[in-house]
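> Quick one: sequence plus predicted model below, questions after.
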Amino acid sequence: MAALLAFLALSAPLQMGCTLAQPAMCVSTNSLFATPAFEAAVRRFAGKGRSDWLDHGNRASQLAEMIGGPPEPPVLLANGIYRLAACRPHSCREKGALFVSEGVIRAAAVLHFACGRGKTCADDYTLSIVIHGSDTALVAEARRWAAGAIAAENTYPGQSLRLGGVEMVDPGAPAPMAAPRLRGKR
C-alpha cells in the first residue's frame with residue numbers, strides 16, 4: 001500500500017486545500033492520496049479486518065488499491081456527502097468509492113468479483129459496502145453508484161455484467177467466532 005501511495009503522491013499534483021475535510025477542492029480521488037492524513041484515515045475507517053475482495057488480505061490495503069487507479073471527479077450528493085470514486089489500477093472493472101462528509105469517511109463501496117481462497121473469481125459483481133452501523137441513505141447511494149458503474153461497463157458489445165450479490169461489512173463489529181470443534185467418540 002505504501003508503494004501505491006508514494007506513486008500516486010508523486011504522480012498526482014498536490015492541490016492546495018484538497019483534504020477529506022474539503023473534498024470539493026480535489027480534482028479527483030487521486031488528489032487525496034497526496035495528502036498526508038489519507039492513508040491513516042482509510043486505515044482507521046476500514047479497521048484491522050481482512051476481506052476477500054482481491055485476495056484474502058488486509059481490508060484497508062485492498063480498499064486503497066480499489067480507489068487508487070483512474071479517478072472520477074468528486075460528486076456532491078443530495079445529502080451533502082461527497083462521493084470520491086476510482087477504479088483499480090490495471091483492472092478498471094473493479095472499482096471503489098468513498099462517501100465523505102465533514103472530514104470523515106462515512107462509507108465505502110467496493111465493486112469486485114468475489115475471489116475466495118483457492119477458488120476462481122465469480123463472473124458477476126459483488127458490491128461490498130463498508131459502513132459503521134447502519135445508514136440506509138448511504139447504502140442507497142452506494143447501490144446507485146454500483147448500478148451506474150455496472151451500466152457503464154455494459155456499453156461494450158456482448159457485455160452482460162450484473163450484480164450478483166451485496167455484502168455488508170461493519171468494521172467495528174466483532175469478528176464472527178469460529179464454530180466449536182466437536183469431538184466424536186473413538
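Right, received. Where do you want to start? None of these values were measured; they are calculated from a predicted model.
> correct me, but residue 65 touches residue 88?
Yes: contact status for residue 65 versus residue 88: in contact at 6.0 Å, counting by CB atoms under 8 Å. C-beta: built from backbone N, CA, C; applies to glycine.
> Return every residue with contacts to both of those two.
Both residue 65 and residue 88 are contacted by residue 54, under the criterion CB atoms under 8 Å, 6 or more residues apart in numbering.
> What pLDDT does the model give residue 167?
The per-residue pLDDT reported for residue 167 equals 91.
> and the biggest strand by length in the chain, which residues are buried?
Looking across the chain with DSSP state E, the single longest strand is strand 91-101. Buried residues in strand 91-101, counted by 16 or more other CB atoms under 10 Å: 94, 95, 96, 97, 98, 99, 100, 101.
> so what's the last one up against?
For residue 101, the contacting residues are 80, 81, 82, by CB under 8 Å, 6+ apart.
> same question, the fourth one
Taking CB under 8 Å, 6+ apart, we find residue 97 in contact with 67, 83, 84, 85, 86, 108, 109, 142, 145.
> Pick out the one among the residues you listed with the largest number of neighbours.
Greatest neighbour count in the contacts of residue 97, by other CB atoms under 10 Å, goes to residue 109: 29 neighbours.
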